[in-house]
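> just coords:
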């Protein structure tokens, strides 16, 4: 079953001045439970595609369907709700809320979803254990290493039980051991809980672990390899 | 969650929080102190002027103030009997009967304001006894005159000489009398110094042919705060068809106007002060907004509604404003209190001028809750309005652009 479908997605920046075509007719289907890496050189449109799939940016032309719903028709407020309910984000620079502890960061999206305290506490515990940071629950981001922060970011992305997780260069700032550790965690969650992961990456270590690799060149899909 | 986030955000950059709160604190401190001194100076001035002669409140026969005639005298005992003894704010009642007369000696004649007074009561408010420069002060009931120095000079009189007074008395009777000069008093006010002649109350009543009558009752009160209850009490006990009760603001409209003019001038000073404060706070808010653009983008990306984010940021600034304003009040109060009990003392020419009028050359601060509350509230409101800027930025923010930096 397709989780995401993009149909002829185009994105042109500065259409009125000096137009830059970041995406040029991207057709892509992502199935439930896939572990997909979107790769390509700088400027190939990886992050733009991820932003459009994540409802953070709108396509100039084409459509993006998530679970059969065309998200390009949603209003700004509806998109925020949509992201909150359906998408988990992992950013390159971790982007945890600095004034909240690790567990509070994980709990944050569930608070936005108005989940009960019992549910939140149970889910935080479950996820912190899943990412191996049950000992660091009360630490603030500044007290955690980069790898640990990114693991908290993964836990946060999964807290709302999203339809899929978008990770933009998640290992770019991590050393080898942290990268391996993070990939192990995400691969396990993908396998055991059937969570769909989509990465944009340059990192060969991530590409090697992906089960599907979509290569973008000049805003178009050049290759789409399933392993 | 929003409150917790806002509160913790305040403390994530302690130095910036401290600087912002301190700037608000100093704004409240400076503006409160300025207003306390300004009000204090005016209160002191009013107190001096009012107690110089008029008193905070006066009672007359209805219509007397518009047409100051001896014919509008009233029975002293009857009126005093209607002033409730329980009105504790009234420290002293000064009965007076006054009208203009011709003062003469030999070939010299001059106009004079001849006032009949109760010497003890008069002295308790106006310190008239302290102004005696020659001879002695009046005693109750004696048939002697106390002259302003200017009157004595004009008529060529000295202590022990006799002054002749001629006037029209109550309901047109002839008023004439001669009185030995018991003492001379000196007023710094040239107007008073060239026209005042004091007699004891019974002597003046006899002179005007109005035994038992007075033209005014001046009331000595402890402070301006006592005016309202006293006026209220008098108006409910006296027949307002027969009597008029006037406070100093009605008696001295020029003084009221001068104060209003001075306050209006200070509005410009306050405006400049508030502008400086506003720019200081705006600088902090701009810095904070710019610095956290990326974070705002992330929060909206992961599902925080713009209004939730706006409320968080607004609360942060509001709490910062509150901390600064409350700290400002707490610091201002002891400072203002200190200058209330240890007033600034003038020296030099200005002090000399004040002392000439019999005023103490001091500049006390006024300690009133409303001064601190108003200034703190105003600075806080400025902060609350400036806090709308990040809300505007959040409303227009595009998460992708914000996260691109």
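Nice, thanks for sending it over. Source: prediction; values computed, not measured.

> pull the longest strand from chain B.
strand B:90-105 (DSSP state E).

> can you give me the mean pLDDT across it?
When pLDDT is averaged along strand B:90-105, the result is 93.

> Report the strands that pair with that strand, each with its relative direction.
Next to strand B:90-105 in the sheet, as set by DSSP bridges, lie strand B:108-117 (antiparallel), strand B:162-168 (antiparallel), strand B:216-221 (antiparallel).

> At the geometric centre of chain A, which residue do we find?
To find the centre residue of chain A, average its C-alpha atoms and take the closest one (Cα atoms, centre = their mean): that gives residue A:166, at 1.3 Å.

> Leaving out sequence neighbours, find the closest residue to that one.
Excluding the flanking residues, the one nearest residue A:166 by Cβ to Cβ, 6 or more residues apart in numbering or on different chains is residue A:54, at 4.8 Å. (C-beta placed from N, C-alpha, C; glycine too.)

> Can you pull the phi/psi pair for that neighbour?
The phi/psi pair for residue A:54 (degrees, to the nearest 10) reads phi -80, psi 0.

> Was I right to think it contacts residue B:300?
No: no contact is recorded between residue A:54 and residue B:300 when judged using Cβ atoms under 8 Å, the distance being 11.9 Å.

> Looking at these two now, which is surrounded by more residues?
The residue with the greater number of neighbours, taking residue A:54 and residue B:300 and applying other Cβ atoms under 10 Å in any protein chain shown, is residue A:54; the counts read 27 against 24.

> re the thing from before, partner strands of the helix or strand harbouring the residue nearest to the centre of chain A and their direction?
For residue A:166, the element it lies in under DSSP states H and E is strand A:164-168. For strand A:164-168, the paired strands and their directions (DSSP bridges) are strand A:87-90 (parallel), strand A:196-200 (parallel).

> and the shortest one, average pLDDT?
So that's strand A:87-90. If you average the pLDDT values across strand A:87-90, you get 90.

> At the contact with chain A, which residues of chain B appear?
Neighbours of chain A within chain B, by Cβ under 8 Å from any Cβ of the partner chain: B:1, B:5, B:8-9, B:11-12, B:294-295, B:298-306, B:308, B:399-400, B:403.

> show me the contacts for the residue nearest to residue A:225 when sequence neighbours are not counted.
Nearest non-adjacent residue to residue A:225, counting by Cβ to Cβ, 6+ apart: residue A:213, 4.9 Å away. Residue A:213 is in contact with A:36, A:37, A:39, A:207, A:223, A:224, A:225, A:227, counting by Cβ atoms under 8 Å, 6 or more residues apart in numbering or on different chains.

> One more pass at 7 Å, please.
Under the criterion of Cβ atoms under 7 Å, 6 or more residues apart in numbering or on different chains, the contact list for residue A:213 reads A:37, A:39, A:207, A:225.

> for chain A, what spans make up the strands?
A:2-13, A:20-31, A:35-39, A:61-66, A:69-70, A:87-90, A:164-168, A:196-200, A:212-217, A:220-226.

> Least reliable of those strands by average pLDDT, please.
Least confident of those, judged by mean pLDDT, is strand A:69-70 with a mean of 88.

> which outside residues touch it?
Among residues not part of strand A:69-70, those counted as contacts by Cβ under 7 Å, 6+ apart are A:63, A:64.

> who does that strand pair up with?
When pairing is defined by DSSP bridges, strand A:69-70 lines up against strand A:61-66 (antiparallel).

> what comes up buried for the partner strand?
Neighbour-count burial for strand A:61-66 flags A:62, A:64, A:65, A:66 (criterion: 16 or more other Cβ atoms under 10 Å in any protein chain shown).

> quick one: residue B:157 and residue B:147 touch, right?
Yes: under the criterion of Cβ atoms under 7 Å, residue B:157 makes contact with residue B:147 at 6.5 Å.

> Now for the two: what residues contact both?
Applying Cβ under 7 Å, 6+ apart, one finds that residue B:157 and residue B:147 are jointly contacted by B:163, B:181.

> Pick out whichever of these two has more residues nearby.
residue B:147 (28 against 20).

> Report the mean per-residue pLDDT for the host helix or strand of the more buried one.
Residue B:147 is part of strand B:145-148, with elements assigned from DSSP H and E. Per-residue pLDDT values across strand B:145-148 average out to 96.

> sorry, back to before: and the contacts of the strand holding residue A:166?
In contact with strand A:164-168 (Cβ under 7 Å, 6+ apart) are residues A:3-4, A:47, A:50, A:53-54, A:87-92, A:157-158, A:195-200.

> For the helix or strand bottoming out on mean pLDDT in chain B, could you pull out the residues that count as buried?
Sorted by mean pLDDT, DSSP states H and E, the helices and strands of chain B end with helix B:348-356, the least confident at a mean of 76. By neighbour count, with 16+ other Cβ under 10 Å as the criterion, the buried positions of helix B:348-356 are residue B:354.

> now for it, which elements pack on it?
For helix B:348-356, the contact count by 3 or more Cβ pairs under 7 Å, 6 or more residues apart in numbering or on different chains; DSSP states H and E identifies no helix or strand as a packing neighbour.

> Tell me which strands whichever helix or strand comes after it pairs with, and in which orientation.
Per DSSP H and E, helix B:348-356 leads on to strand B:362-363 as the next helix or strand towards the C-terminus. Partner strands for strand B:362-363, per DSSP bridges, with pairing direction: strand B:344-345 (antiparallel).

> which residues does residue 66 contact?
This is for chain A. With Cβ under 7 Å, 6+ apart as the criterion, the residues that contact residue A:66 are A:3, A:4, A:86, A:163.

> I was after chain B.
Applying Cβ under 7 Å, 6+ apart, one finds that residue B:66 lies in contact with no residue.
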